[in-house]
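Enquirer: from the sequence below, what's the structure:
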Amino acid sequence: HSCDFFPEDWFDLVLVLRATTSCIYDRLVLRKYSEKKREENITCEIMQVCLEEARSTFPEVLINELQNNAIKDLESNIARISKWVEDWRAARSKERAK
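Expert: Below you'll find the model as predicted:
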């Protein structure tokens, strides 16, 4: 889950997937994670470990938090990421045309 070992200039976008602790718990139970592992993951979400690591590693402008609790979130996230890629490609094309 760590991101601090990647060079900052490798990325144009950093996505941090977030979920409610109840959603995380249910997913991990279904995957048969141990109680210890469930506690670790839930604690990390409560303490925003992944988000804080991203913030300490990358400029805030690159970081996007996405909720990932349900299928509707997944669909929304795919649409947002697809739009970002489309905009990024268009911007890159304009830069190359100069």
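Enquirer: pull the longest helix from this protein.
Expert: Across the chain, the helix with the greatest residue count (assigned by DSSP state H) is helix 71-97.
Enquirer: list the buried residues in that one.
Expert: Neighbour-count burial for helix 71-97, with 16 or more other CB atoms under 10 Å as criterion, is recorded at 73, 77. Placement of C-beta: from N, CA and C, glycine included.
Enquirer: off-centre distance for it?
Expert: Taking CA atoms, centre = their mean, to the nearest Å, one finds helix 71-97 lying 15 Å from the centre of the chain it belongs to.
Enquirer: report the contact partners of the closest residue to residue 84 other than its chain neighbours.
Expert: In space, residue 84 comes closest to residue 13 once its chain neighbours are excluded; the distance is 6.2 Å by CB to CB, 6 or more residues apart in numbering. Shown here is residue 13, whose contacts under the criterion CB atoms under 8 Å, 6 or more residues apart in numbering are 62, 64, 84, 88.
Enquirer: quick check, nearest of these to residue 37?
Expert: residue 64 (26.7 Å; CB to CB).
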